[in-house]
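> Predicted model and sequence follow; I will ask about them next.
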Amino acid sequence: MSNGSRFPAYVDVDYSNGAGETPESYPGLPQKIEKATEVTRTALETYRNPVLLWTGGKDSTLALYIALEVSRQFDLDPPIALFIDHLQHFEETLTFVDTWAKRWGVELMIVTNENVRRYVAEHELEPGDDVPVNALDETNQRHIRETLEYEEETFPFVLDTYVGSHLLKTVALNDALETYGFDGVLSGVRWSEQEARAEETFFSPRHDDAHHPPHDRIHPLLPFDEQSVWDALWRVVVPDTVEEYPETGHVPQGPADIPAGMSMSDIPVLPLYFDGFRSVGGEVSTQKQDDTPAWVQNFETTPEREGRAQDKEQLMEQLRDLGYM
């Protein structure tokens, strides 16, 4: 099948939108939110079967909020929220996603690599245990041997590695794209978040059948940096969605600084950020960088993803070519 032959002809977007721009092209929070709203509206009006990747993290939660607001404001169907269960989540993340999907009335779809999940469950594996390649099904073996060109007989059951990320995230995502026919995938990717994402555009084609089911990626949050994401959450999202939260917003300096009568469970911010995590991935491969909440840390002295396992970070461009976010 030729590249892009399955991608629908009804999609007409400007794939150059955002090329050559940086977060500084949108100097203030109002400009960033306005652009995110514009991109999201175009996506919801253009794609017939869009989906939004939601991890429970700060970026995708902001993207989800904007999508829900755009759908209400312009009378559009909101996208399904797709949560990839990579089998190594913090319990706090699972609880957060379940809680806020219900509170916000989100249609939540949870997908996973079922073959790996069954093997892990049947053999009661813990993160770091070895998985024999030949114990998996033909599809996963083909991804390991042919796509990744991995030659070892086993691989560690660890999320933030080359094999782990591909099988537990990308394969699960691509299976969902194939099964449900999603044509547009919204995500919380930002230019400033990771070097491999710095040249993304707001609408990014993924039409190569050889690597993944043809679809487009939509990136409403490209102009945001870490600080502006937190500004949007505390000054827009939380006041708008939490009853009796100060309308002008309030940035708590810790759990004890949450407005009276409220707790972390009342706020659409993953509690792990209160604990000091700035970027949240797998439980065994993500470390917090400080004991203070993420938004009060010094963003200038420590990279945002410093606490993530670096095997995957160093291979991000290759993983993205295979369909990773």
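Everything's here; your move.
> chain center to the helix or strand where residue 83 lies, what's the gap?
If you go by DSSP states H and E, residue 83 is part of strand 80-84. Distance of strand 80-84 from its chain centroid, counting by C-alpha atoms, centre = their mean, to the nearest Å, is 9 Å.
> helices or strands up against that strand?
strand 50-53, strand 108-111, helix 171-180 (3 or more C-beta pairs under 8 Å, 6 or more residues apart in numbering; DSSP states H and E). All C-beta spots, glycine's among them, are computed from the backbone N, C-alpha and C.
> and after that strand, which helix or strand comes next?
For strand 80-84, the following helix or strand on the C-terminal side (DSSP H and E) is helix 91-103.
> And that next one, what's buried?
Counting neighbours by 16 or more other C-beta atoms under 10 Å, one finds that the buried residues in helix 91-103 are 92-93, 96-97, 100-101.
> Show residues contacting stretch 136-148.
In this structure, residues lying in contact with stretch 136-148 by C-beta atoms under 8 Å, 6 or more residues apart in numbering are 113, 115-116, 119, 133-134, 150-151, 155, 162-163, 166-167, 171, 322.
> count of residues packed around the nearest residue to residue 255 once chain neighbours are set aside?
Excluding its sequence neighbours, the residue lying closest to residue 255 (C-beta to C-beta, 6 or more residues apart in numbering) is residue 274, at 5.5 Å. By other C-beta atoms under 10 Å, 19 other residues sit near residue 274.
> for residue 261, same thing?
So residue 261, with other C-beta under 10 Å, has 7 neighbours.
> Next: residue 299.
16.
> where does the nearest residue to residue 297 once chain neighbours are set aside fall, helix, sheet strand or coil?
In space, and not counting its chain neighbours, residue 297 is closest to residue 290: 5.1 Å by C-beta to C-beta, 6+ apart. What DSSP: H, G, I helix; E, B strand; the rest coil gives for residue 290 is coil.
> Do I have it right that residue 290 meets residue 276?
Yes. Counting by C-beta atoms under 8 Å, residue 290 does reach residue 276; the two are 4.6 Å apart.
> Spell out which residues are contacts of both of the two.
With C-beta under 8 Å, 6+ apart as the test, residue 290 and residue 276 both reach residue 297.
> Distance check, the nearest residue to residue 234 once chain neighbours are set aside against residue 257.
Among residues not flanking residue 234 along the chain, residue 251 sits closest, at 4.7 Å (C-beta to C-beta, 6+ apart). The spacing between residue 251 and residue 257, counted by C-beta to C-beta, to the nearest Å, is 8 Å.
> higher neighbour count, those two?
residue 251 (14 against 11).
> And the pLDDT for the more buried one?
On pLDDT, residue 251 comes in at 97.
> And for the one 5 residues further on?
The predicted local distance difference test score for residue 256 is 94.
> show me what contacts it?
No residues are in contact with residue 256 under the rule C-beta under 8 Å, 6+ apart.
> Now for residue 215, how many residues are close by?
Residue 215: 28 neighbours (other C-beta under 10 Å).
> ok, it touching residue 208?
No. Here residue 215 does not reach residue 208: they are 10.5 Å apart, not a contact under C-beta under 8 Å.
> what ranges do the strands span in the protein?
50-53, 80-84, 108-111, 130-132, 154-156, 184-186, 203-206, 215-218 (DSSP state E).
> Going along the chain, name the helices of the stretch 1-150 of the chain.
Under the criterion DSSP state H, counting those that start in this stretch, the stretch 1-150 of the chain carries helices at the ranges 29-46, 58-73, 91-103, 114-122, 138-142.
> Could you identify which of those helices is most buried?
Neighbour counts (mean count of other C-beta atoms under 10 Å) averaged over each of the helices of the stretch 1-150 of the chain peak at helix 58-73, with a mean of 22.
> Distance from it to the middle of the chain?
Centre to centre, stretch against its chain (C-alpha atoms, centre = their mean), the figure for helix 58-73 is 13 Å.
> Show me what it is packed up against.
Counting contacts by 3+ C-beta pairs under 8 Å, 6+ apart, helix 58-73 packs against helix 29-46, strand 50-53, helix 226-232.
> Looking at residue 193 now. What's its pLDDT?
So residue 193 comes in at 84 (pLDDT).
> my guess is it meets residue 60, correct?
No. With contacts counted by C-beta under 8 Å, residue 193 stays clear of residue 60, the gap being 11.6 Å.
> Rebuild the strands of the chain as a markdown table, extending it with mean pLDDT and distance to residue 69.
Formatted as a markdown table, the strands of the chain follow (pLDDT from 0 to 100; distance: least, C-beta to C-beta, whole Å):
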| stretch | mean pLDDT | distance to residue 69 |
| --- | --- | --- |
| strand 50-53 | 98 | 13 |
| strand 80-84 | 98 | 14 |
| strand 108-111 | 98 | 18 |
| strand 130-132 | 98 | 42 |
| strand 154-156 | 96 | 41 |
| strand 184-186 | 98 | 13 |
| strand 203-206 | 95 | 20 |
| strand 215-218 | 97 | 16 |
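> Thanks a lot, see you next time.
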